[in-house]
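Engineer: missing the sequence, but the structure's below:
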């Protein structure tokens, strides 16, 4: 697990690390204090979760959250604050912050991290499932289109040509043309059938 800590206090980051390691979490981390360092860490370090102080001298947790939302909305984000206030906490949660922890109750942080990562994994799996269903729907739609439009043309042509065939006079010269056109229509139908088979095979390929 990789964690970004948005924190300017070495003492606070040490306390957080102490509490997380005491909770048997295994992770690597980077500590950032500025917007520039934070954006760089998002792109290069690619964290699994972000733990951010609510306010820093040159940066703040809410700004860090909005930056993350624009670039990597799937990464869970937890605010850690000495005194955030219930009203601010509710507003943060409404805006999409996954959770918050008070600095005098850091014993709750490990559980919140675990829960946030589990929730992120569920969302990831749901998105994968939704993508698969979307892919399958698109292929089924293509198959339905081929069956309702592309198949009808050659079939109608074949039926029409059969009605023109002179069965009473098989040696009629016109029948030669009919057979030629029947062959062309059959080849066309065969191509459509191959396309349908191909689209059917693609249903389970994402």
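Structural biologist: Right, received. Where do you want to start? Since we're looking at a predicted model, the values are computed, not measured.
Engineer: only C-alpha atoms for contact and neighbour calcs from this point on.
Structural biologist: Fine.
Engineer: Give me the below-cutoff pLDDT ranges for the protein.
Structural biologist: 85-86, 204-206 (pLDDT under 70).
Engineer: Repeat the analysis, applying 80 as the threshold.
Structural biologist: Along the chain, segments meeting pLDDT under 80 span 57-58, 82-92, 94-95, 142-150, 152, 199, 201-206.
Engineer: Would you map out the domains in it?
Structural biologist: 2-125, 151-202 (automatic domain parsing).
Engineer: tell me the most buried of those?
Structural biologist: Per residue and on average, the most neighbours among the domains of the chain fall to domain 2-125, with a mean of 17 (mean count of other CA atoms under 10 Å).
Engineer: how far does that domain sit from the chain's center?
Structural biologist: Averaging C-alpha positions (CA atoms, centre = their mean, to the nearest Å) puts domain 2-125 22 Å from its chain's average.
Engineer: quick one on the thing from earlier: of all the domains of the chain, which lies closest to residue 134?
Structural biologist: Nearest of the domains of the chain to residue 134, taken as CA to CA: domain 151-202 at 12.5 Å.
Engineer: And that closest one, end to end?
Structural biologist: Terminal residues of domain 151-202 are spaced 19 Å apart (CA to CA, to the nearest Å).
Engineer: Chain neighbours aside, what residue packs nearest to residue 53?
Structural biologist: residue 80 (4.9 Å; CA to CA, 6 or more residues apart in numbering).
Engineer: Packing partners of whichever strand or helix holds residue 195?
Structural biologist: For residue 195, the host element (DSSP states H and E) is helix 173-202. Counting contacts by 3 or more CA pairs under 8 Å, 6 or more residues apart in numbering; DSSP states H and E, helix 173-202 packs against helix 109-145, helix 152-164.
Engineer: same for the longest one, what does it pack against?
Structural biologist: Taking 3+ CA pairs under 8 Å, 6+ apart as contact, the helices and strands that helix 109-145 lies on are helix 10-22, strand 99-102, helix 173-202.
Engineer: Residue 107 and residue 22, how far apart?
Structural biologist: Distance of residue 107 to residue 22, given as CA to CA: 9 Å.
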